[in-house]
Structure formats: C-alpha cells, structure tokens
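*Asks:* A structural model of the following input is requested.
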Amino acid sequence: MGRHSLPDQYGAGGSAPRRRDPRRPDPRRRTRRRTVAVATVLVLAVAGGMAAAVKGGLLSFGSSCQDDPVRLTLAVSPDLAPALEAAAKQARDADLTSDGRCVAVTVSAQEPYKVADTLLAGEDPDAQVWVPDSDVWIQRLTADGGTAQVSTVGQVASTPVGVAMVPAAAKSLGWPKKTYGWLELAGAGLRDDSLRLGAADPTRSATGLLALTRLSSAAAGVEGGDIQAAALMKALSQRVSDSDGQVLDTLPRDSSGTEQGNPKRNQALVVSEQTAYTYNSRADGGSLDFFHPKDGSPRLDYPYTLLEETGLTTDESRAAIRFMSYLRDPRQQRLLERYGFRTSDDEVSDALVARAGGSSPQPYAKPPGRPASEVALQEALGVWTITVQSARITTVVDASASMSEPVAGTGRSRMDVTKASLLQALATFTPDDEVGLWDFSTKLDGDKDYRVRVPTERLGAPKGEGTQRDRLSTAFGDLAPVPNGATGLYDTTLAAYKEATASYAKGKFNALVILTDGVNEDPGSISRTDLIAQLERLTSPERPVPLIMIAVGPDADREGADRIAEATGGSGHEVTDPSQIQSVILKAIVEAGTPGRQG
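*Replies:* You can find the predicted model right below:
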C-alpha cells in the first residue's frame with residue numbers, strides 16, 4: 001500500500017511498567033507461550049490461505065499502490081514540461097497517493113495553441129489536465145460563447161515576458177543601467193537595422209500576444225502611438241517564428257552576436273525570463289542579457305486546468321487536484337525554480353534572474369501589473385491581424401495641375417512630398433503584399449480620366465531585371481502633375497473600385513486608396529449621388545474592399561471624401577501636409593479591419 005508509518009498512538013504513550021515480585025511466577029511468560037502458540041497457528045493458516053490465493057491468481061507478491069494507480073496525462077506547455085516530468089518522477093518515487101491509490105502522472109509536451117484548437121473543434125486532446133503557459137488560452141476557449149468545459153484550479157508557476165538581447169546589442173542600449181518601455185524597445189529595432197527584433201507569432205504564442213497587448217496599451221497613451229504601434233507590428237511581422245522555441249533558433253550563431261551578412265538573424269527577442277534562463281544554462285555557453293520593461297512585464301501564469309469535457313472521472317479529478325497540491329510543496333517549488341520559473345511574486349530569486357540575464361537596476365522585482373482583459377487581448381490581436389496580414393492595395397494618385405502647388409516650409413510641391421510619403425509607405429509592405437498604382441486627372445487615356453501605371457501584383461514578383469517593388473518605386477518617382485489638368489475624381493473612383501472588387505483576392509486585406517487635393521472638376525462625369533449608389537451596389541460583406549480616401553491640402557473636399565468612402569465601409573481622411581500620408585494610410589488600414597473603431 002505504499003510507505004505509511006503507524007499512527008502516533010501505536011508507537012508511544014502508556015504508563016510505566018509495574019515492578020514484579022521475584023517470588024511469584026511471571027504471568028507474561030505464560031502469555032508469551034500462549035501468544036507464540038496462537039501466532040504459529042495463525043501463520044500456518046494465513047500461509048495456507050495465501051498459497052491458495054497465489055495459486056488461484058488472486059494475490060501476487062510485491063503488490064503496491066503502483067499496481068493499480070490512477071493514471072493521469074497532463075498536456076503541458078513545452079517550456080514547463082521538463083520541470084513537471086521531474087516532479088512526476090519524484091511523485092512516483094514517493095508513492096504519492098489519492099484516496100489510497102497511487103497517482104501515476106504522464107507529461108505530454110504540447111503547444112498550447114494546438115490544444116486550444118483541438119478543444120475548440122470538440123476533439124479529445126488525450127489528456128485529463130491541461131497546463132498551458134497562459135490564461136489567454138482559457139479565455140480563447142470561452143470567448144464568443146465557447147462551449148469547452150474546463151476548470152482552472154490554480155497556477156503552477158509564473159515568469160515575466162521581456163526582451164532578451166545578445167550582449168553587444170544590450171550594451172549598445174546601455175544595459176543594465178538604462179531602462180526602456182515597450183514602445184522604446186520595439187522601436188529600437190526599427191531605428192537600427194543591426195538590432196533586429198524577433199518574436200513568436202501572437203496568434204500562436206501567448207508570449208507574443210501578451211507583449212503585443214502591452215505594446216498597444218503603451219501606444220494608447222502616446223500621441224500618434226497607434227500609428228507607431230502599427231508600424232512596429234508591421235516590421236515585427238516580418239521576423240516572427242511559429243513558436244517560442246523556434247524563435248531562439250533565429251539568434252546569431254557566432255560569438256560576436258552579429259553574424260554580419262545574414263539578415264535572417266535577430267539580435268533581440270521577445271521571450272520569457274524562463275526562456276532566457278534555459279538558453280543561458282545551456283552547455284554550449286549561450287548568453288543573453290534580459291530587459292525588464294519599465295512600464296511593466298506581463299506574466300505567463302501556467303494555469304492548471306481540468307478538462308471536464310473529456311470524461312474526467314471522480315478518481316481522476318481528485319488525483320489531479322492531489323498532484324496540483326503536491327506541486328505546491330516546498331521541495332517542488334524549489335524544483336520549479338531550478339528550471340527557471342518564479343514561484344512567488346513577493347520573493348524574487350536574484351540568482352534565478354541573474355542566470356536569465358537580468359541585473360540591477362532593471363526592474364525585475366516589480367510586481368506584475370493587472371492581467372490584460374479579454375477585450376484588450378482581442379483588440380490587440382485584431383490590429384495585428386489586419387496590420388500584418390498579406391494585403392492587396394491599389395493606390396490612385398491625383399495628378400491634376402494643382403499638385404504642383406508648393407507645400408509651405410518645405411520648398412517642395414504637393415506631388416513631390418506625396419511621392420516621398422508613398423515610397424515610405426511602400427517600404428512597410430512585405431514581398432507577399434500586392435500593390436499597384438493608378439494616376440488621374442482628366443482625359444489621360446483617350447476619354448478616360450485615369451490610367452493604370454503599374455497593375456496590382458505581388459511585390460516580390462520578378463519584373464524584368466527587378467521586382468514589382470522596384471517597378472513601383474520607379475513609377476512613384478515618375479509621377480508628375482499634368483499641366484492644366486483638372487480633377488476627374490468621380491469617374492476614376494468608380495472605375496478603380498470596379499477593378500478592385502472584380503480582382504478581389506481571398507484571404508488578403510483588400511483596399512483601394514485614393515489621394516486627391518481637390519474636388520471633382522469633370523463636368524461630364526457622373527454625379528456624387530450616382531457614384532455613391534453604384535459603390536453601395538458593388539460592396540459585398542463577403543468580399544470587402546474598403547475605400548480609403550485621403551483629402552490632401554486645404555482645397556480638398558473632406559466631407560465628400562467621407563461620404564464616398566463610407567459607402568464601401570471605408571473611411572475619409574484629411575491631411576494638411578502630404579508627408580502625413582504614410583501614417584494616415586496605415587491608420588486607415590487598421591481602422592478598416594477593426595470593428596468599432598472610427599476614423
């Protein structure tokens with residue numbers, strides 16, 4: 001039955017023995033003889049019964065609680081799995097029991113997003129207990145009326161999320177004395193190409209999603225922060241890995257931490273403190289310095305979750321809770337700390353932090369902030385999805401004579417500043433994005449007010465000796481105002497929208513961007529009322545193509561831009577300086593794909 005000790009009352013207590021008169025026979029001697037005789041008879045009887053039981057297969061020698069344990073399989077986040085495997089082995093060695101039966105725990109390392117997908121599909125993950133790395137996965141199961149039956153009974157451990165860097169990169173930022181917020185750390189990678197920042201995909205990684213949410217929260221408190229955050233997300237999206245484990249493989253392999261000439265290598269990573277701890281503990285001598293952002297580190301909290309919908313029995317449920325309580329024993333808490341996890345928010349081990357690459361005065365002992373709300377998580381993920389998903393965008397640029405007007409204080413024309421801003425915007429798109437260019441005035445192509453300068457195609461597609469991106473860059477540079485050209489806005493808008501909806505690319509973010517500095521000046525074109533009516537007929541919720549209309553300069557019709565764009569589910573915007581165009585395009589794309597947000 002395992003290793004039990006006798007209750008205290010069987011091993012101590014009772015009064016002192018009385019002294020015996022040596023002249024009288026010792027009554028205990030007669031008692032011993034009777035006891036020996038009775039014991040002999042009982043031993044023979046029991047031996048005979050045991051022999052019969054063994055012969056009949058009813059009893060085996062050496063039986064223990066391990067012969068009929070309560071078996072549990074735990075689906076555990078890969079970073080925590082080695083620690084829980086060690087704890088499960090110690091539990092077996094100690095004959096951990098629940099209601100008199102041993103608890104036999106098997107640990108199965110599984111990516112949390114895969115388990116979540118399995119449960120959402122109503123399938124069995126072949127486990128009775130799930131220990132993902134974060135409560136965000138539990139929230140995912142219950143969001144939007146989810147029906148997955150789960151019950152969280154506690155948290156196993158925790159670890160903060162921050163930014164780890166190779167020492168050379170950390171030194172360049174003044175680590176450890178200088179501290180940074182999330183926006184500053186993420187922005188450092190945009191300002192300096194030698195400090196490339198990588199992360200795990202927020203749609204598959206709680207580490208990536210929590211950092212993204214904190215980045216969005218930080219941006220909300222800064223003027224223009226939404227646009228800055230969107231630009232950071234776009235840049236970060238080009239350096240994401242599928243999982244937290246894979247993101248470590250993007251670090252440089254050479255000792256200098258630079259590996260010059262290999263643009264795929266990252267010098268900085270969004271990871272957990274425990275991940276950095278494990279990396280720095282490797283036998284090959286890996287080394288990372290760890291930044292704990294001054295505006296707070298979100299925590300991975302490893303919820304211990306019973307999967308009730310998998311047919312969890314009462315014995316399994318009680319055994320699972322027993323193992324959870326076992327993990328709270330001081331010995332198991334020390335075990336978790338040896339694997340780089342925190343077991344208390346009040347007492348932070350300096351030795352653990354040091355091995356993870358942390359150092360004072362980095363705020364590594366700062367209490368964790370409030371967990372991100374479900375709404376904040378969903379909003380951050382929505383912005384990420386719209387900002388970074390592959391896009392198909394046709395840009396239509398006003399080439400009327402008024403675009404030659406100077407922009408005050410710049411010494412350049414509206415068209416010159418517009419071209420520079422469009423080139424900046426082009427740099428934020430990936431090779432898989434599809435981008436094209438039209439320009440318009442009046443009668444540019446026969447009776448048409450518009451012409452197609454570059455058809456909308458994938459930026460990475462080869463074109464002659466270059467790519468579609470090279471072709472677009474040249475075309476942007478060649479844009480010029482048409483002398484005496486007027487603004488044929490309405491006919492151009494309708495023609496471009498028809499083309500955009502007819503060439504809709506499924507699975508991409510489709511949009512039409514029109515930049516104009518004036519009002520419609522073509523007397524032979526359709527009216528604005530007719531234009532809006534036709535746009536509404538062309539618009540389809542199943543194939544959305546929002547129109548983003550940007551009114552440039554003081555002469556543009558902002559009210560008209562709003563009404564025309566809203567007919568498609570898009571938005572109108574006004575900029576007084578064409579240099580703002582790149583930011584406005586990015587903001588408009590975010591708003592177009594995020595329900596409830598207004599331009």
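*Asks:* domains for this protein, by residue range?
*Replies:* 65-155+303-338, 160-300+346-373, 389-593 (automatic domain parsing).
*Asks:* can you put the ones you listed in TSV and add distance to residue 381 and mean neighbour count?
*Replies:* For the C-beta atoms, the positions are set from N, CA and C on the backbone; glycine is no exception. What follows is the domains of the chain, written out as TSV (distance: least, CB to CB, whole Å; neighbours: other CB atoms under 10 Å):
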stretch	distance to residue 381	mean neighbour count
domain 65-155+303-338	9	18
domain 160-300+346-373	6	19
domain 389-593	11	19
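*Asks:* ok, which of those domains comes nearest residue 379?
*Replies:* Of all those, domain 160-300+346-373 sits nearest to residue 379, with 7.0 Å by CB to CB.
*Asks:* ends of that closest one, how far apart?
*Replies:* 17 Å (CA to CA, to the nearest Å).
*Asks:* average pLDDT for stretch 309-321?
*Replies:* Throughout stretch 309-321, pLDDT has a mean value of 89.
*Asks:* hang on, I meant stretch 241-248
*Replies:* On average, stretch 241-248 scores 89.
*Asks:* swap in stretch 564-575?
*Replies:* On average, stretch 564-575 scores 92.
*Asks:* so what touches that stretch?
*Replies:* Under the contact criterion CB atoms under 8 Å, 6 or more residues apart in numbering, stretch 564-575 has outside partners 493, 497, 511-512, 528, 531-532, 535-536, 538-539, 544-553, 556, 558, 560-563, 581, 584, 587-588, 591-592, 599.
*Asks:* still on that earlier bit, hey, least reliable of the domains of the chain by pLDDT?
*Replies:* Minimum mean pLDDT among those: domain 160-300+346-373, a mean of 87.
*Asks:* re the thing from before, now distance to residue 382 too, for the domains of the chain, in TSV please.
*Replies:* Listed next are the domains of the chain as TSV, based on distance: least, CB to CB, whole Å:
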stretch	distance to residue 382
domain 65-155+303-338	12
domain 160-300+346-373	10
domain 389-593	7
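*Asks:* residue 397 against residue 444, yeah?
*Replies:* No - at 11.7 Å, residue 397 does not count as touching residue 444 under the criterion of CB atoms under 8 Å.
*Asks:* for residue 240, name its beta-bridge partners.
*Replies:* Under the criterion DSSP bridges, residue 240 forms beta bridges with residue 199.
*Asks:* phi, psi of residue 513?
*Replies:* For residue 513, the backbone dihedrals (degrees, to the nearest 10) come out as phi -110, psi 120.
*Asks:* so it bridges to which residues?
*Replies:* In this entry, residue 513 is beta-bridged to residue 395, residue 548, by DSSP bridges.
*Asks:* correct me if wrong: it contacts residue 585.
*Replies:* Yes - counting by CB under 8 Å, residue 513 touches residue 585, with 6.0 Å between them.
*Asks:* so what sits against both of these two?
*Replies:* Here residue 513 and residue 585 have 548, 550 as joint contacts, going by CB under 8 Å, 6+ apart.
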